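S.K.: turn this into a structure:
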Amino acid sequence: MKVSDFTLALVLLALALALAMAVGALSFPPMPGQAFGPKLFPNIVAAGFVLCAVALIMRAIKTKTLVISVVRPEWWNEPGRRGNLAILLGSIVAYTLLVERAGYVLTTFALLVLLMKRLGASWRATLFASFLGTASTYIMFAYWLRVPLPSGLLAGMVR
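M.R.: Presented below is the predicted three-dimensional model:
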């Protein structure tokens, strides 16, 4: 059986993510009085990754293809696309580093503004969507799901 490098990488990545999620979910405490608790969703997602990996393996067996070289997508050479990718990856790293210090609200709002302006949205749409996105996710996580979010610089102003 010959398998493309890309397919093999996807299979290994899916299996590694599934294993990491399942192992991580083992540390979650059970919820008293409930048949299922916080372990359920990560294990469902891990099972989905395993199913995707199996589907990729089955497809690779069926097609019997061998691709040695890395194929660049068509958009790779379009102007600005690599810059967009770099900004996206950099903003994820920056968000991870700043969210504890600056807080969820400020960091999320700033990230959304940066990404939407980079994609060419107007200031009005950018500010409206960034505010709405930040407020709705904050309400959902902080109040409905009771997930403690870092308040950072807004300590005492946000819950």
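S.K.: going forward, measure contacts and count neighbours with C-alpha atoms only.
M.R.: Will do.
S.K.: quick one: contacts of stretch 93-108?
M.R.: 111, 134-135, 138, 149-154 (CA atoms under 8 Å, 6 or more residues apart in numbering).
S.K.: again with stretch 33-45
M.R.: Stretch 33-45 has contacts (CA under 8 Å, 6+ apart) with 18, 21-22, 25-26, 28-31.
S.K.: ok, now stretch 77-84?
M.R.: 75-76, 118.
S.K.: buried residues, the helix or strand harbouring residue 41. List them.
M.R.: Counting by DSSP states H and E, the element that carries residue 41 is helix 40-63. For helix 40-63, the buried set under the neighbour-count rule, 16 or more other CA atoms under 10 Å, comprises 42-43, 46-47, 49-53, 56-57, 60.
S.K.: next SSE downstream of that helix?
M.R.: Scanning forward in sequence from helix 40-63 by DSSP H and E, the next helix or strand is helix 81-102.
S.K.: from the chain's centre, how far out does the helix or strand of the chain with the lowest mean pLDDT sit?
M.R.: None of the helices or strands of the chain scores lower by mean pLDDT, DSSP states H and E than helix 5-25, at a mean of 74. Centre-to-centre, helix 5-25 and its host chain are 15 Å apart (CA atoms, centre = their mean, to the nearest Å).
S.K.: kindly report the same for stretch 13-26.
M.R.: The answer for stretch 13-26 is 15 Å, by CA atoms, centre = their mean.
S.K.: same check on stretch 128-148?
M.R.: 17 Å.
S.K.: okay, the most centrally placed residue in the chain: pLDDT?
M.R.: When CA atoms, centre = their mean is applied to the chain, the residue found nearest the centroid is residue 92 (9.2 Å). Note on residue 92: pLDDT of 91.
S.K.: and the one 4 residues further on, by the same measure?
M.R.: You'll see residue 96 listed with a pLDDT of 91.
S.K.: ok, now the one 10 residues further on?
M.R.: Residue 106 is assigned a predicted lDDT (pLDDT) of 93.
S.K.: can you check residue 128 too?
M.R.: You'll see residue 128 listed with a pLDDT of 97.
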